[in-house]
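>>> The sequence and its predicted three-dimensional model are supplied below.
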Amino acid sequence: MDKIIVKGGNTLSGEVKISSAKNSVLPIIAASILSGDKCIIENAPMLEDVFVISDVLRSVSADIDIDKNSNKVIIDTSDICDCEPCSELVKKLRASFLIMGPMISRFGKFRISLPGGCNIGTRPIELHLKGLNALGAEVSVGHGYVEARARKLIGNKIYLDFPSVGATENIMMAAVMAQGETVIENAAEEPEIEDLAEFLNSMGANVTGAGTDTIRIVGVKKLKGTVHKPIYDRIEAGTFMVAAAITRSKIKIVGINEDHMKPIIAKLTEMGVSIEVQGQSLVVDGTGVLKPIDIKTMPYPGFPTDMQAQMMGLLSLVKGTSIITETIFENRFMHAPEMKRMGANIKIDGRSAIIEGADRLTGCEVKSTDLRAGAALILCGLSAVGSTEVTDVYHIDRGYVNIERKLQGLGANIYRKCI
Ligand code: EPZ
């Protein structure tokens, strides 16, 4: 397995281009099933997760061409069958479960292996199943599989106990060709939900209210193929904003939507990072004095849980006491012990992490425990004294396109050791 080696101490400069959002492209690829036609995703991020979900669709006879030169994913779902997707692949990528809604909508029956939990939490799916059931599907879970049958999907009003991103997406996709109107209340408001709605509407669906807590879907008879360019990845952009702050540098980040960055801009500004929005770019200046802050992760538009590890790395180097409370996932502090190996002073107390800023971190071998934890450890390495070896980088490759090359382009001393 590859390692990423970072020699700390360089300041960064120049500009970095942000890729399209992983968490937009994955549900959009799943949604292409609904068209039974050809869909083209432009400027798609060439990520491991995109390759895996494409293989999941290929396992149910979709025809997918991934052109790494033009960053295009061309999906033809005209020959999709109602067979069960490869369970090995489904277990590899939790987001594979997002094909449940489209497959039920298309075929009226579907069987898929339960997505595993992962390092950050048990990742239950009861809200997905409750939504499909409310639309008229008979859902059963047993022997590690979910089965659903629906003679006809009929629109309904669905209240989500928690604004789950995945459940909102699965229900939206199941409802777009259901009979009548569906209203999802307490829906997730993430920008990726809005992007999915835009994709569905470009196929001929009738979705309104995406991006708010109430989404209305009026069922239509048929959907057709489309061409779509996903939104930028707000979490990748936030990760590079923290890279500037942790190395006390000034850099330009190209490819952002200011609205989507608001919670991240607010908290970094509160710390003393100066951020200037220039259209679809940001100039981030982390050269000033930074102060400790408290952070609580919340559903959008609150502070994103996917930025929690990166902020913990930064706050480990800010004098004073900071507190991070993780309210979304029950086990998303696994990066803390790795940062402590580098000299960070972090105390975990249930859902909270109390961080005392250290003068410096020292490089050593650390392990990526999940996608964002791995990225956060690279950020710590950028500032640490000496060399940091980040292992298990396959986690990082799931959600970041060429992270080491993008950081090299900003002047970081970082390279990948292929093993
Ligand atoms: C999406 O995961 C993202 N993944 C995650 O990004 C992100 O952290 C998460 O939303 C929260 O923003 C993709 O979009 C592919 P949820 P998802 O359903 O849909 C509980 C990354 O790093 N829940 O909103 O799985 C669940 O246990 C990844 O890019 C239920 O209780 O997240 C969790 O505590 C990590 N029952 C909370 O909701 C359910 O039926 C948030 O889960 C579903 C979820």
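Perfect, thanks for sending it.
>>> Low-confidence regions, the stretch 201-350 of the chain specifically.
In the prediction, the stretch 201-350 of the chain carries no residues with pLDDT under 70.
>>> Next, the contact list for the closest residue to the ligand within it, please.
Using Cβ to the nearest ligand atom, the single residue of the stretch 201-350 of the chain nearest to the ligand is Asp306, 4.4 Å away. Where C-beta positions appear, they are placed from N, C-alpha and C, glycine not excepted. By Cβ atoms under 8 Å, 6 or more residues apart in numbering, the contact set of Asp306 is 235, 372.
>>> And it, its phi and psi?
phi -70, psi 0 (degrees, to the nearest 10).
>>> so Ile18 makes contact with Phe240?
Yes. Ile18 is within contact range of Phe240, at 7.4 Å (criterion: Cβ atoms under 8 Å).
>>> show me what contacts Ala62?
32-33, 75-77, 79-80.
>>> Of those, which qualify as buried by neighbour count?
32-33, 75-77, 80 (16 or more other Cβ atoms under 10 Å).
>>> Spatially, which two of those are the most separated?
Ile33 and Asp76 (10.9 Å; Cβ to Cβ).
>>> The residue lying closest to Lys92 once chain neighbours are set aside: what's it in contact with?
Residue nearest to Lys92 in three dimensions, not counting chain neighbours: Val52, with 5.5 Å by Cβ to Cβ, 6 or more residues apart in numbering. Val52 makes contacts with 89, 92-93, 96, as judged by Cβ under 8 Å, 6+ apart.
>>> From Glu338, how far off is Leu223?
45 Å (Cβ to Cβ, to the nearest Å).
>>> cool, Pro299 as well?
Where Glu338 is concerned, Pro299 sits at a distance of 27 Å (Cβ to Cβ).
>>> Give me the more crowded residue out of these two.
Glu338 (25 against 20; other Cβ atoms under 10 Å).
>>> any idea how far Leu361 is from that one?
Counting by Cβ to Cβ - Glu338 and Leu361 are separated by 11 Å.
>>> can you check Val90 too?
Val90 is 38 Å from Leu361, by Cβ to Cβ.
>>> Tell me the residues of the stretch 201-350 of the chain that contact the ligand?
Proximity of the stretch 201-350 of the chain to the ligand (Cβ under 6 Å from any ligand atom) is limited to residues 305-306, 328-329.
>>> Widest-spaced pair of the residues you listed?
Asp306 and Phe329 (9.9 Å).
>>> any common contacting residues for those two?
Shared contacts of Asp306 and Phe329 (Cβ under 8 Å, 6+ apart): none.
>>> picking that back up, quick check, nearest of the buried ones among the contacts of Ala62 to Ile396?
Distance to Ile396 across the buried ones among the contacts of Ala62 (Cβ to Cβ) is lowest for Ile75, with 25.6 Å.
>>> Break down the stretch 151-300 of the chain into its helices, ranges please.
With helices called from DSSP state H, counting those that start in this stretch, the stretch 151-300 of the chain shows them at 165-175, 191-202, 234-246, 258-271.
>>> want to throw those helices into a markdown table with mean neighbour count?
Shown next, in a markdown table, are the helices of the stretch 151-300 of the chain (neighbours: other Cβ atoms under 10 Å):
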| stretch | mean neighbour count |
| --- | --- |
| helix 165-175 | 27 |
| helix 191-202 | 23 |
| helix 234-246 | 27 |
| helix 258-271 | 18 |
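>>> Switch the ones you listed over to a markdown table; also include distance to Gly211.
Output for the helices of the stretch 151-300 of the chain, formatted as a markdown table (distance: least, Cβ to Cβ, whole Å):
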| stretch | distance to Gly211 |
| --- | --- |
| helix 165-175 | 11 |
| helix 191-202 | 4 |
| helix 234-246 | 13 |
| helix 258-271 | 9 |
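>>> what about these, which gets the closest to Ser24?
helix 191-202 (4.3 Å).
>>> just checking, what packs against that closest one?
Contacts defined by 3 or more Cβ pairs under 8 Å, 6 or more residues apart in numbering; DSSP states H and E place helix 191-202 against helix 22-31, helix 165-175, strand 207-208, strand 227-228.
>>> Try it again at 10 Å.
Contacts defined by 3 or more Cβ pairs under 10 Å, 6 or more residues apart in numbering; DSSP states H and E place helix 191-202 against helix 22-31, strand 38-41, helix 165-175, strand 207-208, strand 214-218, strand 227-228, helix 258-271.
>>> tell me the angle it makes with helix 234-246.
Calculated by axes from the mean of the first three to the mean of the last three Cα atoms, to 10 degrees, helix 191-202 forms an angle of 150 degrees with helix 234-246.
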